[in-house]
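> Here is my input; please provide its structure:
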Amino acid sequence: MTWQEIRLQYPQRWVLVEALEAFTQEGHRVFSVFQLIGEYGTNWNAAWEHYKKLHHADKYREYYVLHTEHETLDIGVIDAFGHILG
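Sure, this is the predicted structure:
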């Protein structure tokens, strides 16, 4: 699903997604395709707890907890030394 499809289907909700197609451009992640993992309404904590479990199981997969109020995503990249790129 695209971010716009998720926003239309789940307005004003916290969602947990996995980025399936993404790349870095000028220090920001650019996303083409997401897989919706879960929808949590207004319960940010539930989304965050689920994220932590998934991230602990596989740190190499790209999961995000996002709110669908955002028309566009602006997710920066942090290098191994904690510096924000871009």
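
> How about the contacts made by Ala46?
14, 40 (C-beta atoms under 8 Å, 6 or more residues apart in numbering). The C-beta positions use only the backbone N, C-alpha and C, and glycine is treated the same way.

> tell me the secondary structure for it?
Three-state assignment for Ala46 (DSSP: H, G, I helix; E, B strand; the rest coil): helix.

> ditto for Gly82
Relying on three-state DSSP, one would call Gly82 coil.

> Report how many residues lie close to it.
The number of residues packed near Gly82 is 6, by other C-beta atoms under 10 Å.

> what about it, distance to Leu8?
36 Å (C-beta to C-beta, to the nearest Å).

> do the same with Val65
Val65 sits 19 Å away from Leu8, going by C-beta to C-beta.

> and those two? which has more neighbours close in?
Set side by side, Val65 and Leu8 show more neighbours around Val65, with 19 against 11, by other C-beta under 10 Å.

> what secondary structure does the more buried one sit in?
strand.

> cool, Arg7 as well?
Per three-state DSSP, Arg7 ends up helix.

> And for it, nearest residue in space, chain neighbours not counted?
Take Arg7 and drop its neighbours on the chain: the residue closest to it by C-beta to C-beta, 6 or more residues apart in numbering is Thr68, 4.5 Å away.

> Quick check: that neighbour touching Gln12?
Yes. Counting by C-beta atoms under 8 Å, Thr68 does reach Gln12; the two are 6.3 Å apart.

> Give the residue from these two that has the larger number of neighbours.
Thr68 (18 against 10).

> how about the nearest residue to the residue most central in space within the chain, chain neighbours excluded?
For the chain, the residue nearest the mean C-alpha position is Tyr64 (2.6 Å; C-alpha atoms, centre = their mean). For Tyr64, ignoring the flanking residues on the chain, the nearest one in space by C-beta to C-beta, 6+ apart is Val17 at 5.5 Å.

> any idea how far the one you found lies from Ala80?
Val17 is 24 Å from Ala80, by C-beta to C-beta.

> Neighbour count for those two, which is higher?
With neighbours defined as other C-beta under 10 Å, Val17 and Ala80 compare such that Val17 has more, 24 against 5.
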